[in-house]
Structures are given as C-alpha cells and as structure tokens.
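In: sequence plus predicted model, see below.
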Amino acid sequence: MSRRARDIAIWISTFITMLIICLPGLWVVLSAFRSNGEILTRPAVWIPEGLSLDNFRSIFGFGANVVAIPVGSYFANSLIISMTSTVVAVAIGMAGGYAFARYHFSGKAAGFLGFMLSRTVPGIALSLPLFILWSWIGLIDTRLGVILVYTAINVPFTIWLTEGFFRQIPRDLNEAAQIDGCTPWQAFWRVEFPLAKAGIASSAIFAFLTSWNEYALASQLTRSTDSKTLPVGLMDFTAQFTIDWAGMCAMAVIIIIPALVLTFLVQKHLISGLTFGGVKG
C-alpha cells in the first residue's frame, strides 16, 4: 500500500470513528428542536421534518406549553459556582504550582505526590462523607458549599499543570528582572506570568468545564433553586411515568453552548498550553 493510500485510509477511519463518537451529541442537538412525539418515533427519525424553538421557549416560560422549571435560576447558579470555583482554584493552583516549581522545602515531593493521588479518588466516593460534613456545618443546599467542593477538586490538577509551565521558564529571567530593579512580585507578574499564561488558561478552562458539567456531587449537596446547577436540573424533566425528552435535550444544549463558546475563545491558549511542555529547546 502506498503512503498516500495509507493516509487516506487513516483519514477515513478517523472520520468514521469521530462520527460514531459524535452521534449521541448530534441526536441530543436535533432532539432539542423537535417534539416528544417525533423523538419517540420508532424507527428513529434522524432527519427532522422541521426544526422549532418551541422547546427553548417552553423551558424559559414562553409559548403555549410552559415548563415549570426555573432554568434561569439554574443557569445563574451554574455560572456563579463555576466561575467562582475556577477563579479561586486557579489562584491557589498558580501559587502552589509556582512554589513547587521554584522553591525547595521539606516534604516537597511527598506533598506533590499527595496532591496527585487525591485526583485518583472518584468524586462519587466523596459524596457521603461530604454530605455528612456539610450537614454538620450547614452548607447543604448552598452555593458556597458547592464552590468549596469544586475548588478542592480542581486545585490539585491546577497545581500539577501550572507547575510544569513554571518549571519550563528559566530562572535567569526572574533574576535578570530583579537585577533591573523589579521586586520578586513585579518580576513574577511582568516576566513569568505572561510566559505561563497559556498553561494558566488551560488549567482555567479544564477547571471551569469540570465545575460546569459535574453532576454526582452537586446532586447530593443541592436541594432547591437556590443552589441547583443545570446538570442537576435536568432531572426535573423526569416524572414517575414520563420523561420530557424534548425539554431535557433543549436544556442539555443550553449546558453545552457556554462550554463551547469558552473553549472557542481560549482555544489559542488551550492548544499552546497543552503542547508547551512537549517541545524542549
């Protein structure tokens, strides 16, 4: 087989694989624009007879068939919780990553390993102890309770990612800046931070997506519209004998859009961040 034929075969197999992977997402998006009757039709109808925004109007309280689900409140909760936990996690992770990359102190290796091992614990395994602890201190069904949990989940990964970026930046740059009159703080913000912003952006987008999409812990720690997030709110479309698939798919699209927009806005930094450590000078 010639090299061109092999490349074509790889391209076709990759395209088919990606198409199969994307089929569930495509089905959700198409179902968001059609009625329950068409969604439940057997055999399945892949090409809709017509696309409509009625499902979106219904979940936001407009149109003839209004769904009594506070999507706006869920969206606000998700945005506040995800943004706050991301900012705090990135700030702590950036400081921790810089400390691990630049300073030598007792227990450094053990501490870093401990942070990494904490990522191996599945979130659902923490749900019961967290529920008991949060019940004792009164953080059940509060935004603060969820923010603290998501921050704790994202900090180890953020430390690991930013540590790698700061380690790649030569110390000589910081020392040269201090010789030129900068304080250590000014040298960090003016020299090292701009060089590491790709990694910081990468850690921020991963932390945001983790908080935005997480369901297992949020479903245990939230109860009302005061703290419920969008993934938890999806379950409001299920009843004892029926499921509003159209409304659920419409809400799923609402969950997907901000993540796609954010990824698109920072994709330049995300790609450079993920490939920065793969090339050595």
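Out: Now that the structure is in, tell me what you want to look at. Numbers count the residues shown, from 1 in each chain.

In: pick out the residue nearest the middle of this structure.
Out: Most central in the chain under CA atoms, centre = their mean is residue 209, positioned 0.7 Å from the mean C-alpha point.

In: quick one: contacts for that residue?
Out: Residue 209 makes contacts with 259, 262, 263, as judged by CB atoms under 8 Å, 6 or more residues apart in numbering. All C-beta atoms are positioned from the backbone trio N, CA, C, and that covers glycine.

In: got the confidence number for it?
Out: Reported pLDDT at residue 209 in the predicted model: 90.

In: which non-adjacent residue is nearest residue 219?
Out: What sits nearest to residue 219 in space, not counting adjacent residues and going by CB to CB, 6 or more residues apart in numbering, is residue 232, at 5.0 Å.

In: pretty sure that neighbour is in a helix, no?
Out: Yes. Counting by DSSP: H, G, I helix; E, B strand; the rest coil, residue 232 is found in a helix.

In: how many other residues sit next to it?
Out: 23 (other CB atoms under 10 Å).

In: surely it touches residue 217?
Out: No. Judged on CB atoms under 8 Å, residue 232 makes no contact with residue 217 at a distance of 9.8 Å.

In: okay, now the unreliable bits of the stretch 51-200 of the chain?
Out: Within the stretch 51-200 of the chain, the stretches with pLDDT under 70 are 63-66.

In: show me the helices in it, by range?
Out: 54-59, 71-102, 108-118, 127-137, 143-168, 171-179, 184-187, 193-213 (DSSP state H, counting those that start in this stretch).

In: from residue 11, how far off is residue 159?
Out: Noted for residue 159: a distance of 38 Å to residue 11, by CB to CB, to the nearest Å.

In: who's more crowded, the two?
Out: Using other CB under 10 Å as the criterion, residue 159 and residue 11 rank with residue 159 on top: 26 against 10.

In: now that one, nearest residue through space, not along the chain?
Out: With CB to CB, 6+ apart as the criterion, residue 159 has its nearest non-adjacent residue at 4.1 Å, and that residue is residue 96.

In: equivalent analysis for residue 228, please.
Out: That would be residue 222: by CB to CB, 6+ apart, it lies 4.7 Å from residue 228.

In: spit out the contact partners of that neighbour.
Out: Residue 222 neighbours (CB under 8 Å, 6+ apart): 141, 146, 228, 229, 232.

In: circling back: count the residues that sit near the residue nearest to residue 159.
Out: Using other CB under 10 Å: residue 96 sits among 20 other residues.

In: can you tell me which residues contact it?
Out: Contact analysis of residue 96 by CB under 8 Å, 6+ apart lists 115, 155, 158, 159, 162, 163.

In: so the third one makes contact with residue 88?
Out: No. Taking contact to mean CB under 8 Å, the distance of 10.0 Å between residue 158 and residue 88 leaves them out of contact.

In: which one of the two has more residues nearby?
Out: Neighbours per residue (other CB under 10 Å) separate residue 158 from residue 88, with residue 158 holding more: 28 against 18.

In: and that one, how far from residue 139?
Out: In this view, residue 158 and residue 139 are 22 Å apart by CB to CB.

In: next one: phi and psi at residue 243?
Out: Residue 243 adopts backbone torsions of phi -130, psi 130, taken as degrees, to the nearest 10.

In: from here on, count from 467
Out: Got it, the first residue is 467 from now on, which makes the last one we talked about residue 709.
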